[in-house]
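Colleague: Got a sequence here, can you build the structure:
(4 chains, ligands or ions: 4)
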Amino acid sequence: MSAPALEVRGLEYAYPDGTQVLRGADFHIHPGERVALLGPNGAGKTTLVLHLNGILTPDGGDVTVAGLAVQPRTVKEIRRRVGIVFQDPDDQLFMTTVRQDVAFGPANYGVTGEELDRRVMGALTAVGMAGVVDRPPHHLSLGERRRVAVATVLAMNPEILVLDEPSSNMDPASRRELADVLAGLEITLLMITHDLPYALELCPRAMIMNHGRIVADGPTAALLGDRELMSANRLELPLGFDPSLARPERLPAP
Amino acid sequence: MSAPALEVRGLEYAYPDGTQVLRGADFHIHPGERVALLGPNGAGKTTLVLHLNGILTPDGGDVTVAGLAVQPRTVKEIRRRVGIVFQDPDDQLFMTTVRQDVAFGPANYGVTGEELDRRVMGALTAVGMAGVVDRPPHHLSLGERRRVAVATVLAMNPEILVLDEPSSNMDPASRRELADVLAGLEITLLMITHDLPYALELCPRAMIMNHGRIVADGPTAALLGDRELMSANRLELPLGFDPSLARPERLPAP
Amino acid sequence: MSAGHAHALYVHGDSRVHALPAHVKLVALLIVIVAVVATPRERVGVFAAHAVVIIAAAACAHLSPRFIGGRLLIGAPFLAFAVLLPFVGGGDRVVVGALSLSVGGLWGAWSVLVKGTLALAASVVVTATTPVPALLTGLGRLRVPVVITEIAGFMVRYLEVIAGEMHRAKVAMAARGYQPRWAWQGTALATSAGALFIRSHERGERVYDAMLSRGYQGRLPQLGATAATRADWARALALPLCAAAAAALAVIG
Amino acid sequence: MHIPDGFINLATSAGAGVTAAGGLGAVLHRVRTTLSERQIPLAGLAAAFIFVVQMLNFPVAAGTSGHLLGGALVAILLGPWVGAIVISVVLLLQALLFADGGISALGLNVVNMALIGVFVAWLVFRLLTALLPKTGAVLVGAAAVASWVSVVAASGGFVLEYAWGGTGNAPVSTVFAAMVGVHALIGIGEGLITASVLAAVLAVRPDLVYGARLLGVRRAVAVRADRRATATFVLAGIAAALLLVVVVAPHASSAPDGLERVASDHGFAWTGQASAAAGSPLAHYSVAGVPDAGVGTILAGAIGLVLTFAVGALVLHISARRGASRSTDDAVHR
Ligand SMILES: Nc1ncnc2c1ncn2[C@@H]1O[C@H](COP(=O)(O)OP(=O)(O)OP(=O)(O)O)[C@@H](O)[C@H]1O
Ligand SMILES: Nc1ncnc2c1ncn2[C@@H]1O[C@H](COP(=O)(O)OP(=O)(O)OP(=O)(O)O)[C@@H](O)[C@H]1O
Ligand SMILES: [Mg+2]
Ligand SMILES: [Mg+2]
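Modeller: Numbers count the residues shown, from 1 in each chain, chains lettered A, B, ... in the order given. Ligands and ions are numbered 1, 2, ... in the order given. You can find the predicted model right below:
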C-alpha cells in the first residue's frame, strides 16, 4: 500500500467567534484517487478544505500531505503540492489582469519566461478563457470568474487538486468541458459538490460530511443509492435523473 | 390582454471600461408568468437584470415595469415592486446580523414592529434559516448565505421576483425546498439559472440569451428539446437526465 | 489586519457609562481633553487630579485597568518620540549620568507624554462604551453636518469591505505560495493599492446597489436614538467639570 | 503627521479649530449643491481607503507620525471640495476612535492635511496639467508631483503651528529640518503611491477620476510605470529634501521665531517656549539663523534627517514584521 496522498485525523476546529465546526473529521485518500465530498450546507466542508494547506490551523487532530505534516515549516512545500480552488472566485482572484493572476502561483515557485507563458495560456485554454487574458478579473461575469479561478490553480500543476464546488455558476457546456479536463489529469482529486450527477460522473468514491464529521465513505454509486443515508444528509438526486443512464465510463474502476 | 408586468425594448449597455454587453435585448413578461432566463456565461444575463430596477441606466432602449417606465422619478416605486436576488450573496448581505439584514428592505418601506418581525421570521423559515437569525451573515457558509440572500428579498413581498441563480451552492434538499416556496408564491417570476432541469421544473416558459440579445423564447420543454439551439448556446442537459421523467406537474399549463 | 477591527474598539457592557447617550459623552470628553491640554505643564498635582477623574470614569464603565493599559500601548509609539526632545531641546541643561539634557526639553517631553496619555485614556473610555454607529448619531446631534456623518457612516462600513478584500487577497496569495518578508513591501503595497482600491470600490458599489434595490433612501432604518435627559447631562458632566475646575484653578493660580 | 493632544498649546489649537471650521464650512456650502447621491458612498469608500493606507505609519519627530496623507489622491479622484471633506472625516474618526491625532488638535490636523494638503495638491495639479498635453501619462505624472508638493506644504503648516504654539521645546529650525525634511522623503512615497493608484484606476475605471473627467481624459489608458520617470522623480525628491534641510532650515528659524514672539507678546504662549539657544550638538546650528555655521549646519541637518528617518523606518519595519507574521499564516477570519 502506498502512503496516503492526504490523511486527516481527528480534525477539530472552532471559528474565533466560538462556532464549533469540525468535530473529529477522519479520512484518507490514496494517490490518484478521485473523491467527491458531499454534505448539506454548513456541514463544514469548506472549513475542512481550508485545513488541507494550512490556511486554518486545527484546534485538534492533524493533517498529513504525502507524508508531510502540515506545519508552519512545511507549509510552503505543501502549498506547492496541494492546489485549492476556493468556493468563492472572488476569494481567489486579486491581481489586476487575468494573466497576472494565473501567473501568480507558478511565478512564486520560480517558473519564469516562456514556460510561465505556456502554463498561463495552457490553463486558460483548458477552461475556455484564453480570450480574456488581459482583462481585469473583477470585470468578468461570475461564471467567467469561476473558470479563471480554476485556471489559477491548474497553472500550478499541483499533485493534489482540491475543488470547492468548481462547477457552480458555470454554464452546462463549461461544466462538461471542466469534467473532461479533470478526467484527463493524472492527479489526486478531492471535489466538493452539490451536483450529485456530476460527482457520480467524475468520482468513483464519495464521502458524506455532516456536523463536522465524515459520516459515510464508499463507492459513489452505492452512497447515492442508499435512500436513508441520502435523506438523513439532505441529499437527493434531481427529479428525472436516472443513475443507470449516467455512464461514468471514463473512470477507472474503483 | 393585461399590460406586461415587465417590458424591455431594444436595451443597449456598455460598462464604463467600454465592454459592450447588451445589444438590443427585447422581451416582455405578463403578470403571473414564470420565466427562466438561460444562456452561457458572459451572455449579459446579470447585466440585464441590473436594469430591471434602475441600478444600471441603459445606453439605449427602455424598461417598463407594470406600465411604469424606469426613470429616476419612478425608481423608488419600482424597487418596491421588483425584488432582485443578486448572483453573489456577498453583495446582498451587509448588515451586522441576519435579522437586521432581512428586516432592511421592509423597514425601508415603513414596515415596523410585529409585522416586521413576522415578515423576517416568515422569510427565514421559508429558506430554512430561522436558526441563524442572530448571527452575522458573513460568518455563514456560502450556501447558507445564499439562502439568507433569498430571504432578504422574499421579506419584501415583491410583485415581481427576479432571481439570479438562486439555487447555486445550495444543497439538494434546500434547492427542492426553494422550488416549493417559489411554486407556492402568486408572483411574476424571472429566474436565471444554469440548472436546466430546475428551470424545466419551475418555469413553463424560457428565454435564451446570448451576446446581449434574446435569441430564443418559448415553452421551456420545447427549447430544451431543440438540440441545435441548445448546443449553439452552450446549453446541454446533464448526462442521465430524462426530461420525460421530470414531471412539472405543479405548474399551471403554459 | 482582521476584518471588522472597527468593532473591536467597543467593549460590550451595561454600565451607567454605556447607557449614557453618545452626544453627552462626546461633550464630556471634549471638556476633559481641553482641561488636560490647558493645564500648565509644571502643575504635576493637577495632572494627578485629571488622572483620578479619568480612572473614576473608567471604573464606572467597568473597564479593567488592563484593557485601558493595552489601548494606551497602541498610542505609545507616537508619544515615545517625545523621548528625543531632551536631546534636541535648547536652554539650560542638566547632566544626568553621561547625558547632558535640556531642561526645557525634559519639560517638553513630560508635557507631551502626560497630556497625550491622559487625553488618549479619556477617549478610550468613551470609545469603549459607545458603539461606532451611536458615536456617529451623537455627532449628528451635536450639529455636525449631515454630509460629514453620512460619509463617516459609509467609511465605517467600507472599512470592513476593504479589510475583507485585503484579507481575501492575502489568503489567496498565501495559498499560492506567496510568503512576503515585509507586509508592506514597498512595491507590493504600491502595486496592490490600486487594485485594492478598485476592488473595494466595486464591491462597495455592488453592496450599495443591493441596498438601493431594497428601497434604501439615504438613511438606515433607525432603531430609536435616545434623547438625553437632564439627569444624563448631570451624570455625564460631573467628573469632567471637576477636571475643568482643577485646570481653571491651575491656570489662574 | 497627526498632532496629538497637548503638543500645540490650546490657543493655537483653538485658532486652528476656527480656521478649519471656517474653511470646511465654505467647502460644505459649495459641495451641497453639487454632491449627487452616488458620490456619498464613493466619498465614504475613499475615506476608508485613505484610513487603511494610513495605518502604515511611523513616528516622526516628537509625537507626530509620518505616512501617506492622501490629499492629492482624493483631490484628483474626487475633486478638491469633496476631497477636503473626505480627509476631514478620516481625521475626525481617527481622533475619535483610534486616538490617532488629538481631539483638541483636530483643527490643526484639518488645516494641515485637509485644507493645505488637498488644495495645494489641486493647485499644483491644475497648473501642471494646464501647461502640459492632456494625456493619461501626464495626468499621472502631475499627480505624483502634486503629491510631493502637498505633503511638504502640509508639513510646513505644521512647522508654522509649532512655531506659534509648540510645547515641545525643540528649536523651530530643528523641527523644520525634521518635519519638512522627513516629509520631503515621505512625499516621494506619497507621489509613487498616488501615481500607481491613479494609473490603476484610470486603466479600468477612468469614469471614477474627477481630474480625468475635468480634463476630458476619457478612454481607458494603461499607464505603465516608466522606470526612468520614476527614477527621476525619486532623485528629484531626495535632492529637494536635502536642499530644504540644508539651505532653508537655518533661514526658517528666523521667520517662525518672529511669529513666536508675537504669540508670547500677546500672553498666550503658556508653555514658556525657550528660544533657540546653544545646547545640543544638533540644535546649535540654528542660533545664528544664517548658514554661516557652514559645514556644521549642513551636517547637523543631514544627520538629523537621516536619523529620524532611520529610526522611523526601523519602527515601521518591526511593526510590519509582527503584522506580517501574524496575518499571513493566521486563521481566516471571514
Ligand atoms: N468565519 C466564520 N465564523 C464563524 N462561523 C463560521 C464562519 N465560516 C463558517 N462558519 C460556520 O461554520 C459552519 C460550516 O461552514 P462551512 O463553510 O465549512 O460549510 P460548508 O459545508 O462548506 O457549507 P456550504 O455547502 O454551504 O458551502 C457553518 O455553520 C457556518 O455558519
Ligand atoms: N463591471 C464590469 N465591467 C466590465 N465588463 C463587465 C463587468 N461585469 C461584467 N462584464 C462583462 O460583461 C459580460 C456579461 O456579464 P454578465 O455578468 O452580465 O454575464 P452573465 O450572463 O450573467 O454570466 P454568468 O452566467 O457567468 O453569470 C461579460 O463578458 C463580462 O465579462
Ligand atoms: Mg462551503
Ligand atoms: Mg451572471
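
Colleague: Helices along the chain, start to end?
Modeller: In the absence of a named chain, chain A is used. Chain-ordered helices for chain A, with DSSP state H as the definition, fall at A:45-49, A:75-81, A:89-92, A:98-108, A:113-126, A:142-154, A:172-184, A:196-202, A:220-225, A:227-232.

Colleague: The intended chain is chain D.
Modeller: Remark: helices of chain D, listed N- to C-terminal, are D:10-32, D:39-54, D:71-78, D:80-98, D:106-109, D:117-131, D:136-165, D:172-204, D:210-215, D:227-243, D:249-252, D:254-265, D:295-328; assignment by DSSP H.

Colleague: Using a markdown table, lay out those helices together with mean pLDDT.
Modeller: Below are the helices of chain D laid out as a markdown table (pLDDT from 0 to 100):
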| stretch | mean pLDDT |
| --- | --- |
| helix D:10-32 | 91 |
| helix D:39-54 | 85 |
| helix D:71-78 | 93 |
| helix D:80-98 | 90 |
| helix D:106-109 | 93 |
| helix D:117-131 | 93 |
| helix D:136-165 | 89 |
| helix D:172-204 | 82 |
| helix D:210-215 | 84 |
| helix D:227-243 | 79 |
| helix D:249-252 | 59 |
| helix D:254-265 | 39 |
| helix D:295-328 | 49 |
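
Colleague: Which one, of those, ends up nearest to C:Gly69?
Modeller: Across the helices of chain D, C:Gly69 has its closest neighbour in helix D:80-98 (16.5 Å, C-beta to C-beta). To be clear about C-beta, it is placed using only N, CA and C from the backbone, and glycine gets the same treatment.

Colleague: elements contacting that closest one?
Modeller: The helices and strands touching helix D:80-98, judged by 3 or more C-beta pairs under 8 Å, 6 or more residues apart in numbering or on different chains; DSSP states H and E, are helix C:103-129, helix C:132-141, helix C:146-175, helix D:10-32, helix D:39-54, helix D:71-78, helix D:106-109, helix D:117-131.

Colleague: Restrict that helix to CA atoms and write it as PDB.
Modeller: Only the C-alpha atoms of helix D:80-98 are listed here, as PDB (Å, rounded to 0.1, in the frame of the first residue of the first chain):
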ATOM      1  CA  PRO D  80     -10.700  69.300  -4.100                       C
ATOM      2  CA  TRP D  81     -14.000  70.100  -2.400                       C
ATOM      3  CA  VAL D  82     -15.200  66.600  -1.700                       C
ATOM      4  CA  GLY D  83     -11.600  65.700  -1.200                       C
ATOM      5  CA  ALA D  84     -11.200  68.100   1.700                       C
ATOM      6  CA  ILE D  85     -14.300  66.800   3.300                       C
ATOM      7  CA  VAL D  86     -13.100  63.200   2.900                       C
ATOM      8  CA  ILE D  87      -9.800  63.900   4.600                       C
ATOM      9  CA  SER D  88     -11.600  65.700   7.400                       C
ATOM     10  CA  VAL D  89     -13.800  62.800   8.000                       C
ATOM     11  CA  VAL D  90     -10.800  60.500   8.200                       C
ATOM     12  CA  LEU D  91      -9.200  62.800  10.700                       C
ATOM     13  CA  LEU D  92     -12.300  63.100  12.700                       C
ATOM     14  CA  LEU D  93     -12.800  59.300  13.000                       C
ATOM     15  CA  GLN D  94      -9.100  58.700  13.700                       C
ATOM     16  CA  ALA D  95      -9.200  61.200  16.500                       C
ATOM     17  CA  LEU D  96     -12.400  59.800  18.000                       C
ATOM     18  CA  LEU D  97     -12.000  56.100  17.500                       C
ATOM     19  CA  PHE D  98      -8.300  55.500  17.500                       C
END
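
Colleague: Show the end-to-end separation of stretch C:138-152, please.
Modeller: With C-alpha to C-alpha, to the nearest Å as the measure, stretch C:138-152 spans 12 Å from end to end.

Colleague: neighbours of A:Ala36, just the number please.
Modeller: 26 (other C-beta atoms under 10 Å in any protein chain shown).

Colleague: meant to ask about C:Val95, not that
Modeller: Should you count by other C-beta under 10 Å, C:Val95 turns out to have 8 residues around it.

Colleague: now do D:Leu235
Modeller: Neighbouring residues of D:Leu235 were enumerated by other C-beta under 10 Å; the total is 11.

Colleague: how about the residues of the stretch 101-250 of chain C near chain B?
Modeller: Residues of the stretch 101-250 of chain C lying near chain B by C-beta under 8 Å from any C-beta of the partner chain: C:157, C:164, C:203, C:206-207, C:209-217, C:221.

Colleague: The same query, at a cut-off of 6 Å, please.
Modeller: By the rule C-beta under 6 Å from any C-beta of the partner chain, the part of the stretch 101-250 of chain C lying against chain B is C:206-207, C:209-210, C:213-216, C:221.

Colleague: tell me the most buried of the helices of chain D?
Modeller: Per-residue neighbour counts averaged over each of the helices of chain D give the maximum for helix D:71-78, namely a mean of 31 (mean count of other C-beta atoms under 10 Å in any protein chain shown).

Colleague: Lowest-confidence entry in the residues of the stretch 101-250 of chain C next to chain B?
Modeller: Among those, C:Pro221 has the lowest pLDDT, at 54.

Colleague: Could you pull out the helices in chain C for me?
Modeller: Counting by DSSP H, chain C has helices at residues C:5-8, C:16-19, C:22-38, C:44-60, C:65-80, C:85-88, C:103-129, C:132-141, C:146-175, C:186-213, C:230-252.

Colleague: show me where pLDDT drops low in the stretch 151-253 of chain C?
Modeller: Across the stretch 151-253 of chain C, the stretches falling below the confidence threshold (pLDDT under 70) are C:179-192, C:218-226, C:253.

Colleague: Contact partners for whichever residue of the stretch 51-200 of chain D sits closest to chain B?
Modeller: Scanning the stretch 51-200 of chain D for the residue nearest chain B gives D:Ala200, at 12.4 Å (criterion: C-beta to the nearest C-beta). The contact partners of D:Ala200, by C-beta atoms under 6 Å, 6 or more residues apart in numbering or on different chains, come to C:Gly194.

Colleague: And it, how far from D:Leu77?
Modeller: 12 Å (C-beta to C-beta, to the nearest Å).

Colleague: what bridges to the residue sitting nearest the centre point of chain A?
Modeller: In chain A, the C-alpha nearest the mean C-alpha coordinate belongs to A:Leu163, at 1.5 Å (C-alpha atoms, centre = their mean). Per DSSP bridges, residues listed as beta-bridge partners of A:Leu163: A:Val85, A:Met191.

Colleague: wait, isn't it in contact with A:Val85?
Modeller: Yes - here A:Leu163 lies in contact with A:Val85, judged by C-beta atoms under 6 Å, at a distance of 4.6 Å.

Colleague: so which residue of the stretch 151-300 of chain D comes closest to chain B?
Modeller: Across the stretch 151-300 of chain D, the shortest distance to chain B (C-beta to the nearest C-beta) belongs to D:Asp207, at 4.3 Å.

Colleague: That's all I had, so thanks and see you.
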